[in-house]
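Trainee: pasting the sequence and the predicted model now:
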Amino acid sequence: QVQLVESGGGLVQAGGSLRLSCAASGRIFSEYAMAWFRQAPGKAREFVSVISSSGGTRFYEESVKGRFTISRDNAKNTVYLQMNSLIPEDTAVYYCASEGADFTNWRSERAYDYWGQGTQVTVSS
């Protein structure tokens, strides 16, 4: 059974930083791309970032480019999201997700088969 467990969320002032972690178990972590999504109150869940299985390829949603960095440690079965220069608009529940069977559109939720429970990030102004 695949499990993804996020941690690292919290309350931070605008301009601050947080690092989210997502620990995976139940599948061979190094064989799958991993992603972060987020869902703000009253909004649909949206793509934030994705990293390839090896870590060599990364993509970001436009609004987080230059501020967020996705990384992974395949020896620890963990993916990270380093978030710097946080703004109130980054407030959301952040979810990690693991590559699914159809990975054609990796910006879509449908590309991912497994999800964590989410971790709340709140940025105060």
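Mentor: Cool, the structure landed.
Trainee: could you look up the SS state of the one residue sitting closest to the centre of the chain?
Mentor: With distances taken as CA atoms, centre = their mean, Trp36 lies nearest the centre of the chain, 2.0 Å away. Per DSSP: H, G, I helix; E, B strand; the rest coil, the secondary structure class of Trp36 is strand.
Trainee: which ones are touching it?
Mentor: Each residue near Trp36 by CB atoms under 8 Å, 6 or more residues apart in numbering is listed here: 20, 22, 48-50, 70, 79, 81, 94-97. Where you see a C-beta, it was placed from the backbone N, CA and C, and this is true even at glycine.
Trainee: which one is it nearest to, not counting chain neighbours?
Mentor: Val48 (4.3 Å; CB to CB, 6 or more residues apart in numbering).
Trainee: now do the phi/psi pair for that neighbour.
Mentor: Dihedral angles phi and psi of Val48 (degrees, to the nearest 10) take the values phi -120, psi -50.
Trainee: and of the contacts of Trp36, the nearest to Ser125?
Mentor: Checking the contacts of Trp36 against Ser125 by CB to CB gives Tyr94 as the nearest, at 18.9 Å.
Trainee: for the closest one, which non-adjacent residue is closest in space?
Mentor: Excluding its sequence neighbours, the residue lying closest to Tyr94 (CB to CB, 6+ apart) is Arg38, at 4.8 Å.
Trainee: state the distance from that neighbour to Gln82.
Mentor: 15 Å (CB to CB, to the nearest Å).
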